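In: Predicted structure and sequence below. I'll ask about it afterward.
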Amino acid sequence: MERIPILKMGQFLLVTIQVDLYDRLALDLEADLVGQITQLNARGVLIDISAVSIVDSFMGRILSNIASMARILDAVTVVVGMQPAVAITLVELGLSLTGVYTALNVEKGLDLLRIKTGAAQAVSTDADSSDD
Amino acid sequence: MPIPATIEVLTSETFAILEGSHVIQLTGQIRQQASQMGMSLLDQTKLSTAASELARNILVHGGEGKAQLECIRSNSKIGIRLLFSDRGPGIANVEQAMQPGFSTGIGMGLGLSGAKQLADEFHLTSVVGEGTTVTILKWVND
Ligand SMILES: Nc1ncnc2c1ncn2[C@@H]1O[C@H](COP(=O)(O)OP(=O)(O)OP(=O)(O)O)[C@@H](O)[C@H]1O
Ligand SMILES: [Mg+2]
């Protein structure tokens, strides 16, 4: 069964979406992320959509849902790598990614996560280090 | 605005829209066709995003249906025309359905208004109890 892998990077979770999301895959991702945030006490979620060529209202809703569920669990969500054509199309579609922070790339997204979660000093030198 | 009668259909292909994976297959085909015709990456993205909205509407609101992918020519212009049709419940109040933010479901209500915005031409006809047909068109070299 196809599933989108979730990687742990210190206090953060990293998800790279490589395929177009269909309903079940999206729902599984939502559920998996909630589970992982709780289990690992993650403070932030980084979602890389650089390989995603279409963000429609369905996909937008999934991203917003993930962000609001994460927020309830006290985690921040940052979406990174949105293709320029996708970003322009989103605006024309009238879609705003409610509650979702965006950054240009994974590196900038991690910086933003650190700032938003107040983890700036703790992990600024080595994103892979983990204190537990 | 009716689509001008001078449109010549160069190729036409029909896709069944019965489940989520069909939406993804369709948008992939559209992108491939659009790219072969020389459509810009931005317009490819706009067209396939609009198509994704309309194909999804078939599944969510109409049950099942089909999409027709046509390469068209009108005078010196070439483009892609897409026809989405279903025999679902139809739309009672089209004007309301076209409003950004209006949804009878759990959606954001952006599909129809967004698809209209993203396409060069947009037509919707719907008969309650009979079904819905939406046609969009995007020119390559407008
Ligand atoms: N093919 C269809 N058959 C019947 N009703 C439809 C169809 N397409 C759209 N509608 C009606 O028009 C409304 C608006 O559609 P639109 O795509 O804009 O929003 P949505 O599908 O509800 O949400 P979103 O697309 O943002 O996820 C729908 O809620 C539905 O009532
Ligand atoms: Mg819709």
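Out: Good, I have the coordinates. Ligands and ions are numbered 1, 2, ... in the order given.
In: now for whatever helix or strand residue B:12 lives in, which elements pack on it?
Out: Per DSSP states H and E, residue B:12 falls inside strand B:8-17. If contacts are counted by 3 or more C-beta pairs under 8 Å, 6 or more residues apart in numbering or on different chains; DSSP states H and E, strand B:8-17 sits against helix B:20-36, strand B:65-74, strand B:77-86. All C-beta atoms are positioned from the backbone trio N, CA, C, and that covers glycine.
In: where does the closest residue to residue B:30 other than its chain neighbours fall, helix, sheet strand or coil?
Out: Nearest residue to residue B:30 in three dimensions, chain neighbours excluded: residue B:48, at 5.0 Å (C-beta to C-beta, 6 or more residues apart in numbering or on different chains). Classification of residue B:48 using DSSP: H, G, I helix; E, B strand; the rest coil returns helix.
In: Neighbours of the residue in chain A that ligand 2 sits nearest to, how many?
Out: Proximity to ligand 2, evaluated over chain A using C-beta to the ion, is greatest for residue A:57 at 6.1 Å. Residue neighbour count, defined by other C-beta atoms under 10 Å in any protein chain shown, stands at 24 for residue A:57.
In: Correct me if wrong: it contacts residue B:111.
Out: Yes. Residue A:57 is in contact with residue B:111 according to C-beta atoms under 8 Å; the separation is 5.6 Å.
In: between those two, what contacts are shared?
Out: By C-beta atoms under 8 Å, 6 or more residues apart in numbering or on different chains, residue A:57 and residue B:111 have these common neighbours: B:53, B:56.
In: in the chain, what spans have low per-residue confidence?
Out: No chain specified, so I'll use chain A. Applying pLDDT under 70 to chain A picks out residues A:1, A:120-132.
In: right idea, wrong chain: chain B
Out: Applying pLDDT under 70 to chain B picks out residues B:1-5.
In: interface residues of it facing ligand 1?
Out: B:53, B:57-58, B:60-62, B:86, B:88-91, B:97, B:102-105, B:107-113, B:132 (C-beta under 6 Å from any ligand atom).
In: Restricting to those, which residues neighbour ligand 2?
Out: With C-beta under 5 Å from the ion as the criterion, those include B:57, B:111 near ligand 2.
In: can you give me the strands in chain A?
Out: Along chain A, counting by DSSP state E, strands occupy A:6-9, A:12-16, A:44-48, A:76-80, A:101-103.
In: Export those strands to a markdown table and append columns for mean neighbour count.
Out: Converted to a markdown table, those look like this (neighbours: other C-beta atoms under 10 Å in any protein chain shown):
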| stretch | mean neighbour count |
| --- | --- |
| strand A:6-9 | 16 |
| strand A:12-16 | 21 |
| strand A:44-48 | 24 |
| strand A:76-80 | 24 |
| strand A:101-103 | 18 |
